[in-house]
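Visitor: Sequence and computational prediction follow.
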Amino acid sequence: MPSALYNRAKPPLEADEEAPGTVEAWEAVAPIRPDTAHVRAPRFLDLAGELATAALLIAGGVFAYGYLPVA
């Protein structure tokens, strides 16, 4: 009688639920960032900060080792 175990009726499958965070194709929108001064300013400030930091580190290293010319 082991075949009775496999002959039971299977429950009907329910429709798959949508996973959290999924969107329909019509809801997916690509973000478009306009190229304005307000968008460019943070990028410029990031670059300026990186350059200032690099110059400060190099100048500090030169000063720490005493290679600054003294007139």
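Guide: That came in fine, so what should we check first?
Visitor: For the protein, just list every one of the helices.
Guide: With DSSP state H, the ranges of helices along the chain come out as 3-6, 37-65.
Visitor: now, of those, which is deepest in the fold?
Guide: helix 37-65 (a mean of 10; mean count of other C-beta atoms under 10 Å). From N, CA and C alone the C-beta is placed, and that goes for glycine too.
Visitor: related to what we said a few turns ago, dump the helices of the chain to a markdown table, plus distance to L13 and mean pLDDT.
Guide: A markdown table is the format used below for the helices of the chain (distance: least, C-beta to C-beta, whole Å; pLDDT from 0 to 100):
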| stretch | distance to L13 | mean pLDDT |
| --- | --- | --- |
| helix 3-6 | 18 | 69 |
| helix 37-65 | 49 | 88 |
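Visitor: out of those, which comes closest to E18?
Guide: When the helices of the chain are compared by C-beta to C-beta, helix 3-6 sits nearest E18, at 32.8 Å.
Visitor: still on that earlier bit, so which of the helices of the chain comes closest to D16?
Guide: Of all the helices of the chain, helix 3-6 comes closest under C-beta to C-beta, at 25.5 Å.
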